[in-house]
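Chemist: coords below, sequence missing:
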């Protein structure tokens, strides 16, 4: 099996990602960012808004359209209402990130095994997976950019036959811009270029200057044409959105410079290992490829510094930093695999035992902890609970077994399998977390159409609510007078909060107003910190008095 993985590394990366992520792709509820993107994809397919993109019928030019196009095509193939179908393209780009890391690592260390390890470290880093749900369009931008960086690396290193790499790199940089604007260009490409220049220098620069210019030209054309199209066809909306987005960078979610200093924790199960991999004085004499290690370290740290300069900060903005960090962690993992059996200094061995022992403790205690959380609903997911408990407990025991024998090669592989097994076996248990007040809106559109009336919104309707509703919800104001209300005899109204007595009194002479229900997409109870009021909407039916 190991020989087959080394023989077909790219196929192995794709199969591992697919087995880990695809079976439970629709197990988690749609997030707010996903909802916005999925609504835009749905309106592309249903309304034909492929270039002048919309959300709930309103212009939405904040996000470039390439990821939405890919998602819409997947929806056409597998069902535009299917969360599985709409999430599938993002998983393809997780694969592309991992493949890009593998290819870059091969250029750095000329070792297939270590390069594969780096890919699997990335695939089991918490936020590389988490970003596909929290901000799914980011993975497209960074996936394209990661592969562009690989092509640029070849362009920098080769002395001949390098033009094809310039063309591919330029196109993929453009695709990244067409996915998330200049975000990945700044957060991933710029620190790479600075790190490469610092570590390897740009060889034969004058001879390749035309190829470098072609990269820039292609990136601008491929990445910029849509922005020009929008600028020409809807100038006022484009300018308003551009101004708002620009202001957000300096006035929205502003955090101090040191906000990202715990960046290594975004790697999840590799947190302690990631921190140690950043200790250059310790590792510089222990790695096999010092210059390559210096490069990945500088790339990682520059990415963090550049992101820290921007006033607006969010945890998810750190995701591109995990790409060079995975390579950096790989150098320390390689050292442990080679030398852990002969280590005697407890200052070296204790962090390793603690890191992997902590991971094993999660699996050993999983049966008890899962039972305590799920005991009220465990009967509905008994088989899943038992299967997950057996798998995670067994893997944890094996991690401890081989850790005691200092076989870090096996411990690493078991840790990768442990992370994958959590997503594969335990993630379906998320469906058990549903409060008694949960009330989905997914049937309302069908019911309203059956009765022959339309649904409107007042004040604020969350993107998640609009997504699960299944169509556009036009907004009306109850404050502008009777003449501004729909002319239909009967219509439905969703409001963020119950209508107050004043509104009911003002409208009561003209309408019979029936409060029907409260739609609630919260799976947690009201006492939970994760409870969100925006996932609540009160539903009324208005009927004109004769």
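Modeler: Perfect, thanks for sending it. Because the structure is predicted, anything quoted here is derived from the model rather than measured.
Chemist: what about the strands in this protein?
Modeler: Here the chain has its strands, by DSSP state E, at 54-55, 58-59, 454-458, 490-495, 511-520, 536-544.
Chemist: Give me the contacts around the second one.
Modeler: Counting contacts by Cβ atoms under 8 Å, 6 or more residues apart in numbering, the residues outside strand 58-59 that touch it are 52-53, 234, 237, 241. The way it works is simple: take the backbone N, C-alpha and C, and place the C-beta from them, glycine included.
Chemist: Show the buried residues in those residues.
Modeler: Burial by neighbour count, 16 or more other Cβ atoms under 10 Å: within the contacts of strand 58-59 this picks out 53, 234, 241.
Chemist: Can you tell me the closest non-neighbouring residue to residue 363?
Modeler: Nearest residue to residue 363 in three dimensions, chain neighbours excluded: residue 396, at 3.0 Å (Cβ to Cβ, 6 or more residues apart in numbering).
Chemist: The one you found is in contact with residue 361, isn't it?
Modeler: Yes. Here residue 396 lies in contact with residue 361, judged by Cβ atoms under 8 Å, at a distance of 7.3 Å.
Chemist: When the two are compared, which one has more neighbours?
Modeler: Neighbour count, other Cβ atoms under 10 Å: between residue 396 and residue 361, residue 396 has more, with 22 against 13.
Chemist: Report the contact partners of the more buried one.
Modeler: 359-364, 366, 418.
Chemist: Now the buried members of those residues.
Modeler: Neighbour-count burial (16+ other Cβ under 10 Å) is assigned, among these, to 359-360, 363-364, 366, 418.
Chemist: how far away is the closest residue to residue 435 other than its chain neighbours from residue 372?
Modeler: Sequence neighbours aside, residue 525 is the residue nearest to residue 435 in space, at 4.9 Å (criterion: Cβ to Cβ, 6+ apart). Applying Cβ to Cβ, to the nearest Å, the value for residue 525 to residue 372 is 16 Å.
Chemist: do residue 412 as well
Modeler: 31 Å.
Chemist: Of the two, give the one with the bigger neighbour count.
Modeler: Counting neighbours by other Cβ under 10 Å for residue 412 and for residue 372 shows that residue 412 has the greater number, 21 against 9.
Chemist: got the contact list for the nearest residue to the more buried one once chain neighbours are set aside?
Modeler: Nearest residue to residue 412 in three dimensions, chain neighbours excluded: residue 333, at 5.9 Å (Cβ to Cβ, 6+ apart). By Cβ under 8 Å, 6+ apart, residue 333 lies in contact with 117, 121, 273, 408, 412.
Chemist: Equivalent analysis for residue 146, please.
Modeler: 96-97, 100-101, 104, 188, 323.
Chemist: what's the closest non-adjacent residue to it?
Modeler: residue 100 (3.4 Å).
Chemist: wait, doesn't that neighbour sit right on residue 147?
Modeler: Yes. When contacts are counted by Cβ under 8 Å, residue 100 is listed as touching residue 147 (4.6 Å).
Chemist: now the helices: where do they sit in the stretch 251-400 of the chain?
Modeler: Listed in chain order, the helices of the stretch 251-400 of the chain (DSSP state H, counting those that start in this stretch) span residues 271-277, 280-283, 290-309, 322-339, 346-374, 382-404.
Chemist: Which of these sits closest to residue 259?
Modeler: helix 290-309 (7.1 Å; Cβ to Cβ).
Chemist: Low-confidence ranges, the stretch 251-400 of the chain, go.
Modeler: 251-252, 376 (pLDDT under 70).
Chemist: Between the buried ones among the contacts of strand 58-59, which sits nearest residue 155?
Modeler: Using Cβ to Cβ, those come closest to residue 155 at residue 53, 33.1 Å.
Chemist: Test my guess that residue 151 contacts residue 163.
Modeler: No. Contact between residue 151 and residue 163 fails when scored by Cβ under 8 Å: they sit 11.2 Å apart.
Chemist: of these two, who's got more company?
Modeler: residue 151 (23 against 14).
Chemist: quick one: that one and residue 219, what's the gap?
Modeler: Distance from residue 151 to residue 219, by Cβ to Cβ: 12 Å.
Chemist: Tell me the spacing between the residue nearest to residue 363 and residue 389.
Modeler: For residue 396, the distance to residue 389 - Cβ to Cβ - is 11 Å.
Chemist: okay, and the common contacts of those two?
Modeler: residue 366.
Chemist: picking that back up, now the buried ones among the contacts of residue 396 in JSON lines, with distance to residue 21?
Modeler: Formatted as JSON lines, the buried ones among the contacts of residue 396 follow (distance: Cβ to Cβ, whole Å):
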{"residue": "359", "distance to residue 21": "20"}
{"residue": "360", "distance to residue 21": "23"}
{"residue": "363", "distance to residue 21": "20"}
{"residue": "364", "distance to residue 21": "25"}
{"residue": "366", "distance to residue 21": "20"}
{"residue": "418", "distance to residue 21": "15"}
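Chemist: for these, which one is nearest residue 65?
Modeler: In terms of Cβ to Cβ, no member of the buried ones among the contacts of residue 396 lies closer to residue 65 than residue 418, at 38.0 Å.
Chemist: any idea how far residue 364 is from the closest one?
Modeler: From residue 418 to residue 364 the distance is 11 Å (Cβ to Cβ).
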